[in-house]
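> When you get a sec, could you give me coordinates for this:
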Amino acid sequence: MSRKLKMGMVGGGKDAFIGAVHRLAANLDGKIELVAGAFSSTPTKSHESGALLLLDPKRVYDSYEAMAAAEAKLPVGERIDFVSIVTPNFAHFPAAKTFLEAGFNVVCDKPMTLNLQEALDLRDLVRRTRKVFALTHNYTGYPMVKEARERVRAGALGTILKVVAEYPQGWLLNPIDQAGQKQAAWRTDPQRAGASSCIGDIGTHAENLTHYITGLEIEELCADFTTFVEGRRLEDDGNMLVHFRGGAKGVLYASQISAGEENNLTIRVYGTKASLEWHQEHPNELIMKYQDAPRQIFRRGNDYLSDAAKRFTRLPSGHPEAFIEAFANIYREAARAIEAEVAGQPVPADVDFPTVDDGVTGMAFIETAVKSARAGAAWTKFVAT
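Purely as a prediction, here's the structure:
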C-alpha cells in the first residue's frame, strides 16, 4: 500500500489509560495514522482530547454516530480505513455495529461485548459485511507465546494432560471503585461491565491465552466467584476447574484482590512428553521442563526459535520487548488484513490476530462461568456457540 492506513478512535480520551496504549501500539510500525476520533461521550472532552492529539478539529466528533456518518461521506483515501474502539464494555457492540454497517473495519478492545447475545449478533454482522474485525487480546502478540503455540503444534509436549492459567492482580483490594476511581468504577458496575468484573476483565485473558497456545476447547467448568470487598456489586475473585474436550483438565483463576500482585498472568501446560511455562511479567522467556532431562529456558530474539516467533520479534536478543510491542503486533497483523480489504484483495491466509470468533468464545466463557457460580459452583456445560 502506498499510504498509511487512517485510523479513527472511539473512546480513549485524555483521562483514559488504554486509549494511549492503543495509539502507541498502532503507531509503532509507521503504517497507521490517527486522523479522527470521538474520544468521549462528553463532546467537550472529546474535542479537548482531539486538540491534545493535534488532530484537525473537523475530524473530532461529538459522538461515534456522528463520526461514522461523516467519515462515510469522505472519499476512500481520505476517510478512516478502520476504527479502534476503546470504551467500557457496554459501548463495544453499538459502536462496532455502527461502523461495520457504515462500511468500516473494526479493531475492538476486549471483552468484545456486554453479553453473549451481542457477541453472536456481532459475529453475524461481521460475516455479513465481510469487514475485518480484530480483538485486542494483546497477550497473544508476544513472540514467546507464539513460540509456545508452535511447540504445542509440533508435538513437543505430547498429549496435553493439564493446563494451569492464572491472572492475579491486587489493585481492587480496597474499595477504590466506591471512592470514584474511574477505571475501577466502571469495571465493577454491571451496567457498564456486564455480568462479571474480574473474570470478564482479566479471566478472559487467561482463557484466551490457554486456547491460543493449546488449541483446547472447554467442555464444562465449575466456577466459584467471591466478592471480598463489601459493597462491591460484582466479583473481585474467581476460581474454576475446567474439563477440556478430549480429556485434558485445567485450573483457571483470576483475582483482583491479591495483595502485591500487578499483572502476573502465567500459564503452565503439562503434556505426556514435556511441559511449558510462560510469565507475562517476564515475557521474553519460555521455560520447557522434562521428566528425564534438565529444564531449558528459551529467550526471545535467538535463531533457534520458530519462524513464527521470529516474525513477531522486533529487537535483537538481550533487548527486552514487552507490552506495547505485543499490542503493536496485533495492530500490525490487523493492518495487513485491512490493507488487503481496502485494496479489494483477499486477506492473507497467515494473518494472526484474535477475531470475532475469539470474542464469541470469550463471552461464552464469561456466561458459563457466571451461570456456574450463581448455581453454587455447579459443573456447567460450556455454552454452545
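> what separates the residue nearest to Gln183 when sequence neighbours are not counted from Ala51, distance-wise?
Excluding the flanking residues, the one nearest Gln183 by C-beta to C-beta, 6 or more residues apart in numbering is Phe17, at 6.2 Å. Just so you know, the C-beta spots here come from the backbone N, C-alpha and C atoms, and that holds for glycine as well. Using C-beta to C-beta, to the nearest Å, one gets 20 Å for the distance from Phe17 to Ala51.
> again with Glu235
Taking C-beta to C-beta, one finds Glu235 at 39 Å from Ala51.
> residues near the closest residue to Ala322 other than its chain neighbours, how many?
The shortest distance from Ala322 to any non-neighbouring residue, by C-beta to C-beta, 6+ apart, is to Pro283 (5.8 Å). Residues lying near Pro283 (other C-beta atoms under 10 Å) number 22.
> Using the three-state scheme, assign Ile297.
Of the three states, Ile297 takes strand according to DSSP: H, G, I helix; E, B strand; the rest coil.
> Do you have the helices of the chain handy? List them.
For the chain, helices defined by DSSP state H occupy the ranges 18-27, 43-52, 64-72, 92-101, 116-129, 143-153, 182-187, 190-193, 198, 204-214, 307-311, 323-342, 356-374.
> Might you calculate how far the second one sits from the centre of the chain?
It refers to helix 43-52. Computed by C-alpha atoms, centre = their mean, to the nearest Å, the chain-centroid distance of helix 43-52 equals 26 Å.
> Glu33 - nearest residue in space that isn't next to it in sequence?
Lys4 (4.6 Å).
> Number of residues surrounding that neighbour?
15.
> do Pro354 as well
Neighbours of Pro354 (other C-beta under 10 Å): 27.
> quick one, what contacts it?
Shown in contact with Pro354 (C-beta atoms under 8 Å, 6 or more residues apart in numbering): 110, 134-137, 140, 208, 212, 330.
> try Ser372
Applying C-beta under 8 Å, 6+ apart, the residues near Ser372 are 221-223, 240, 378-380.
> Which of the residues you listed fall in strands?
221-223, 240, 380 (DSSP state E).
> which one of those has the most neighbours?
Result: Ala223 is most packed of those (other C-beta under 10 Å), 29 neighbours.
> didn't that one look like it was pressed against Met240?
Yes. Between Ala223 and Met240 a contact is recorded at 4.1 Å, counting by C-beta atoms under 8 Å.
> Contacts only, for the most centrally placed residue in the chain.
Geometric centre of the chain, nearest residue: His137, 1.9 Å, by C-alpha atoms, centre = their mean. Applying C-beta under 8 Å, 6+ apart to His137 gives the contacts 110, 204-205, 208-209, 212, 330, 354, 358, 362.
> how near is it to Ala119?
Taking C-beta to C-beta, one finds His137 at 14 Å from Ala119.
> what sits in contact with each of those two?
Gly362.
> Just give me the neighbour total for His282.
14.
> Enumerate every residue touching it.
With C-beta under 8 Å, 6+ apart, His282 has no contacts at all.
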